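K.L.:
Sequence below, structure please.
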Amino acid sequence: MGTLPRALATVAVLAMLAGCGRDINTPLASAEVQAMTADNVFFGMVSYLTSSGVREGKVEADTAYMYADSAHASLRMMTITFYDELGRERATVTGRTGEWSQETNRMVARGDVVLIIASDSSRIESQEIHYDPGLDKVWSDSATVRVLADGSVTSGSAFESDMSFENLRIQDMRGGARRIF
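P.N.:
Predicted coordinates:
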């Protein structure tokens with residue numbers, strides 16, 4: 001081996017040895033992120049709910065943690081928009097957190113949840129609101145406040161409604177209830 005190849009080999013070996021003693025400055029994920037059990041994490045997630053090719057809803061979340069073994073998603077800063085058979089908006093639900101079963105499309109929104117009913121611009125507030133498409137039902141087992149477009153307020157211990165919001169019932173109702181003809 002000549003002088004030049006031997007010198008290059010020596011430089012290469014010295015460079016490799018020098019690299020072995022250095023700390024790597026690669027950024028690491030926080031302990032919280034490393035402890036996550038989610039299979040996938042999506043930021044700015046948008047997904048559409050369909051049945052027989054018809055759009056029934058849209059799920060949006062600032063962050064979605066997806067679990068493949070259960071087809072379950074945990075949502076943060078979420079919005080769900082529900083549509084009728086003609087594609088018109090029925091209602092919108094927002095919450096700080098939520099859960100969504102991708103197999104059944106059942107959902108629950110939690111934390112300062114607000115449901116806006118498009119047909120009458122009324123608002124329902126609760127700490128937790130559930131949705132089950134198989135039952136065509138939305139409900140809460142938590143304290144509920146309904147604010148009508150004219151500002152009338154009705155509160156109760158829970159509520160239940162069909163998705164057309166024609167059969168909305170508030171349990172243990174208190175406040176200004178009125179019937180619109």
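K.L.:
element containing the most centrally placed residue in the chain, please.
P.N.:
By C-alpha atoms, centre = their mean, the mean C-alpha position of the chain lies nearest to Leu75, the distance being 3.1 Å. Secondary structure assignment for Leu75, by DSSP states H and E: strand 72-83.
K.L.:
Which elements pack onto that strand?
P.N.:
strand 54-67, strand 89-101, strand 107-117 (3 or more C-beta pairs under 8 Å, 6 or more residues apart in numbering; DSSP states H and E). Bear in mind the C-beta positions are built from the backbone N, C-alpha and C, glycine included.
K.L.:
Let me have those in CSV, extended by distance to Gly151, mean neighbour count and mean pLDDT.
P.N.:
Supplementary listing: those in CSV, determined by distance: least, C-beta to C-beta, whole Å; neighbours: other C-beta atoms under 10 Å; pLDDT from 0 to 100:
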stretch, distance to Gly151, mean neighbour count, mean pLDDT
strand 54-67, 29, 18, 89
strand 89-101, 20, 20, 94
strand 107-117, 15, 20, 95
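K.L.:
mind putting these in CSV, distance to Ala149 included?
P.N.:
Putting these into CSV (distance: least, C-beta to C-beta, whole Å) gives the following:
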stretch, distance to Ala149
strand 54-67, 23
strand 89-101, 14
strand 107-117, 10
